[in-house]
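Undergrad: Curious how this folds, go ahead:
(2 chains)
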Protein chains: 2
Amino acid sequence: MKVKNTKTLAYIGEFGFIDIIKKRFSKTGKNAISGIGDDCFCFKSGGQNICITKDMLVQDVHFKIGWTTPYELGQKAVEVNVSDIASMGRVKPEYIFIGLGLPSDIPIEFVKKLYSGIKKSCDKYGILISGGDTVKSDKIIISVTLVGVGNQNVIKRSGSKNGDLIGVTNTFGDAGAGVDILYKYGTKRRFSPDEKYLIKKQSLPKARLKEANKISNYLTSMTDASDGLYISIGLLTKSADIFLDKIPVSKQLKKVVKDEKRQIDYALFGAEDYELVFTVPRSKAKLLKKLVPEISFIGKINNSGKDCKVRYFYNGKEQKTVYSGYKHF
Amino acid sequence: MKVKNTKTLAYIGEFGFIDIIKKRFSKTGKNAISGIGDDCFCFKSGGQNICITKDMLVQDVHFKIGWTTPYELGQKAVEVNVSDIASMGRVKPEYIFIGLGLPSDIPIEFVKKLYSGIKKSCDKYGILISGGDTVKSDKIIISVTLVGVGNQNVIKRSGSKNGDLIGVTNTFGDAGAGVDILYKYGTKRRFSPDEKYLIKKQSLPKARLKEANKISNYLTSMTDASDGLYISIGLLTKSADIFLDKIPVSKQLKKVVKDEKRQIDYALFGAEDYELVFTVPRSKAKLLKKLVPEISFIGKINNSGKDCKVRYFYNGKEQKTVYSGYKHF
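TA: Below you'll find the predicted structure:
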C-alpha cells in the first residue's frame, strides 16, 4: 500500500472522517425521505416507508467477554437497532440481518446463546430473522441491519420549531455509570443492587419503540441517545435552553454517584442510554405526559438569542458545559 | 463466560453452524418471498419487491493489504453485493449501507481511496450511498448491506424443472487461480499478462447485473458462483448431469495452468468467480445465447435416475468428483 499522506484516522477523528464521507456522497435519491444524518435511511416504496438502520458491535470496543453474557449481547444487538427504528416514529421493525465475525476457536455454546438472545428480542418485537452471513475474524463482530416498515410520516432529526419543548423518556446516565463501574472494579467485586441496576442498563438496554409509537404523531423531531444526551440535543437543534436540574436521573444513580455534578455529567455525556430525545409543540406537552408518564421536559428551542447555541442552565444560572463524551477513534 | 460444551466453531464447521441457525429461525414472514437459502432476502411492499443482501469482508480472511489496492477493494465490496442482487433476476440495486471497522492508525489516504472505489462502483450501477457506521477494530472490516427494488418475480434458487438446461455466464476458475498465484509467489514476482489477468479477476470481479436483467424472464432458478461452481450447482439442484468438458475456461487460465484436470478443478472449486449459474427450459436456450452470447450450457437437470445426485461426465464418461473447495472455518 503506497501512502503519500501519513495522516491517520486517529489524527483526524470521527467528525473529520464523516466530513470526508459526506463530501464524496452528497447525492440523494428520488425516493429517499431521510438519509445520512438521521437514525435510519428511509425511502418510499408504493405508499409505504421503508426504514433501514445498520450497526456494528466489535468485541473489546463495544463489549467485553466476561462483562456481559452472550445471551444479553444478542438481545442488545437487536435492541440498539430497534432504538434507531423507534427514533423515526411509528415504524414497525420487520426484518433483521445478522452478520457475524467469529474466531474459529469460539465455543459453540457461546454462539448458541448469542443467537438465543437475538431470537428473544426479535420475538418480542415480531421481527423476522431474514438472513446474514458469518465470517472468520479474530474478534467477535456483530453487524446488524434492521428494516422497518411504516405508513406514517417519519420523524427526522431536523424539524424542531422555535418554542418547542425538548422532551426525553425515562432517566439518563445509568448506562454510562454502569460501564464506568465495570472499568473501575472489573467483575470480581460483589456489586450492590444499585450498581447491578446501572450495569444492567448498559449491558441490556431497552429500545423505546412502544413509547415512540404512542407519541410520534405530535413530534417535530426525534433521535435516540446512543452517544449521550448532550450529543443528541446537538443533533436536534443548534439553539436551545437546557435546564440541567430537570434532566431525569434514576434513584439508583443518585445512590451510587453521590455528587450531583457528577450525576449530571453522566446524564449529559454518558453513552448508551438509548432513550428518546425529541421536540414537541408546547401545546402538546400535557397530552404527551398522559400518553407516556415517563416523559420529562428538559428545555426548549430558543432561536430568539443573538448567537446560535445550546445554553445550559442550573437553578436559573447559565453554566459552562464542555463536551467530555466518548471518542470513537 | 461459563461453557459446558467445549465444541468450537472450527469443530462443527460452516454447515453445522448454518444448521444451528436454521433450527432457531424457521419462521417466515407473511410478506417474505425468499429467505435464508437464497442470495437475497426479498419481501413485498406495495406491489414492489424489496431485495436485501449483506456481505462482510474481513482483512486477512477475504483480502490482504498489498495484494489489492483500497480502490479495488472498495469496488469489490460493492460488486459482490450487486452480484447477489443480480442473482434474483430483474432487480435494480438502489441503496447501499457501508459499515467499516478500521484500525486507529490506518492512513486517511487508504480510507479515501477505499471510498473512491465504493463510489465508482455505486455510480456505475446508480446506487445511492444511504448510510452506514464506522467503528474501531484491529483489522479492516467492510460490512455492506445492499437494497434492490424490482417489479418482476424474483428468481429463486429453487424452481428448476426436469430437463432444464444448466447455463452459466463467461468463464470459471480465473479468480481461484489468481488467488493461488498470490499465495504461491506473493507480490514480489513480475507477473505475466495472463497471470495479471487472473489476479485481477479475483481482486476486481464484475457483477453480471446487465446479463441477469436480459435473461431473467426465461429462467427457472438462479444463483451466483461466489463459493465456486460446484457449490452453486448444488444450490440449484440435487439431480443433474454436468459435462465437465463444456465448462467454459479462459484462454488465460489455459496458458497459466497447462494441465486440463487442474483447469477443471479451478473451474469447479475455485471461489469468487461471481458468474451467474441458472436453469432454463431447453426451448429458450437459443434465445438466451442470442441475448447474452457469453452464455454456455454445461449440463441438464436429470430427475430420471434412481438415485438423486449430481453426476459429472467428461467426454461422455462419468467421473468421481470430490469436493475440495474453500472451508470457511
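Undergrad: Which of the helices or strands spans A:Phe97?
TA: Element membership for A:Phe97 (DSSP states H and E) is strand A:92-102.
Undergrad: Go ahead and flag the most central residue of chain A.
TA: Nearest residue to the geometric centre of chain A (C-alpha atoms, centre = their mean): A:Ser226, 2.2 Å.
Undergrad: which ones are touching it?
TA: Residues in contact with A:Ser226, defined by C-beta atoms under 8 Å, 6 or more residues apart in numbering or on different chains, are A:80, A:83-84, A:232, A:271-274. In short, each C-beta sits where N, CA and C put it, glycine included.
Undergrad: Return the residues in contact with the closest residue to chain B within chain A.
TA: Proximity to chain B, evaluated over chain A using C-beta to the nearest C-beta, is greatest for A:Gly46 at 2.2 Å. Contact analysis of A:Gly46 by C-beta under 8 Å, 6+ apart lists B:45-48.
Undergrad: likewise A:Gly101?
TA: Going by C-beta under 8 Å, 6+ apart, A:Gly101 touches A:134-137, A:139-143, B:56, B:58, B:141.
Undergrad: swap in A:Gly89?
TA: A:Gly89 neighbours (C-beta under 8 Å, 6+ apart): A:150, A:152-155, A:212-213, A:216, A:219, A:222.
Undergrad: tell me the SS of it?
TA: coil (DSSP: H, G, I helix; E, B strand; the rest coil).
Undergrad: in the helix or strand harbouring A:Lys261, what counts as buried?
TA: According to DSSP H and E, A:Lys261 maps onto helix A:260-269. Using 16 or more other C-beta atoms under 10 Å in any protein chain shown as the test for burial, helix A:260-269 gives A:263-269.
Undergrad: can you check stretch A:231-242 too?
TA: A:231-233, A:235-237, A:239-242.
Undergrad: tell me the pLDDT at the nearest residue to A:Lys214 once chain neighbours are set aside?
TA: Once flanking residues are discounted, A:Lys214 sits nearest to A:Leu291: 4.6 Å by C-beta to C-beta, 6 or more residues apart in numbering or on different chains. Looking at A:Leu291, its pLDDT is 98.
Undergrad: So, low pLDDT: which residues of the stretch 1-150 of chain A?
TA: Low-confidence segments of the stretch 1-150 of chain A, defined by pLDDT under 70: A:1-6, A:12, A:14-15, A:17-29, A:35-37.
Undergrad: Helices of that one, residue ranges please.
TA: Ranges of helices in the stretch 1-150 of chain A, per DSSP state H, counting those that start in this stretch, are A:9-24, A:70-86, A:108-125.
Undergrad: Thought A:Lys261 was touching A:Leu268, still the case?
TA: No. Counting by C-beta atoms under 8 Å, A:Leu268 does not reach A:Lys261; the two are 10.6 Å apart.
Undergrad: If you tally nearby residues, what's the number for A:Asp259?
TA: Residues lying near A:Asp259 (other C-beta atoms under 10 Å in any protein chain shown) number 8.
Undergrad: again, but for A:Glu195
TA: Around A:Glu195 there are 19 residues (other C-beta under 10 Å).
Undergrad: and the angle for the strand or helix carrying it with helix A:260-269?
TA: Taking DSSP H and E as the definition, one finds A:Glu195 inside helix A:193-203. Compare the direction of helix A:193-203 with that of helix A:260-269 by axes from the mean of the first three to the mean of the last three C-alpha atoms, to 10 degrees and you get 20 degrees.
Undergrad: Perfect, I'm done here.
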